[in-house]
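Trainee: what's the 3D shape of this:
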Amino acid sequence: MRRISSRYLGRNVAELLDEVERDGNSVVLIRYGRPSAQLSPVGDELAVRRPIPAPEEYAEEIAELTEVERKLLLTLGDGE
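Mentor: This is a model prediction of the structure:
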């Protein structure tokens with residue numbers, strides 16, 4: 001696993017993100033001579049999530065839901 005300084009990260013963050021995403025390899029961040037964090041690609045379960053639409057984009061659909069359906073939607077939205 002590649003190790004980089006926090007200073008290097010600050011100067012090359014876009015390049016490092018591209019590398020991690022492209023190659024799938026993790027990078028360990030070194031701060032004050034010690035490992036402090038790890039930059040890793042997200043797992044498949046996070047990568048396939050779609051952005052949540054803005055409320056105005058689905059206001060009509062929500063208005064048509066029953067109270068039970070609204071509660072279920074809110075529960076599912078919280079990941080429960």
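Trainee: separation between Lys71 and Leu65?
Mentor: Distance, Lys71 to Leu65, by CB to CB, to the nearest Å: 9 Å. The C-beta positions use only the backbone N, C-alpha and C, and glycine is treated the same way.
Trainee: ok, Thr75 next?
Mentor: 13 Å.
Trainee: Val27: neighbour count?
Mentor: Val27: 20 surrounding residues under other CB atoms under 10 Å.
Trainee: what bridges to it?
Mentor: Arg2, Leu39 (DSSP bridges).
Trainee: I'd say it and Leu39 touch.
Mentor: Yes: the pair Val27 and Leu39 passes the contact test of CB atoms under 8 Å, sitting 4.5 Å apart.
Trainee: okay, and the common contacts of the two?
Mentor: 16, 20 (CB atoms under 8 Å, 6 or more residues apart in numbering).
Trainee: care to break this structure down by domain?
Mentor: Following automatic domain parsing, one gets these domains for the chain: 1-44, 50-80.
Trainee: would you turn the ones you listed into JSON lines with mean pLDDT?
Mentor: Listed next are the domains of the chain as JSON lines, based on pLDDT from 0 to 100:
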{"stretch": "domain 1-44", "mean pLDDT": "90"}
{"stretch": "domain 50-80", "mean pLDDT": "72"}
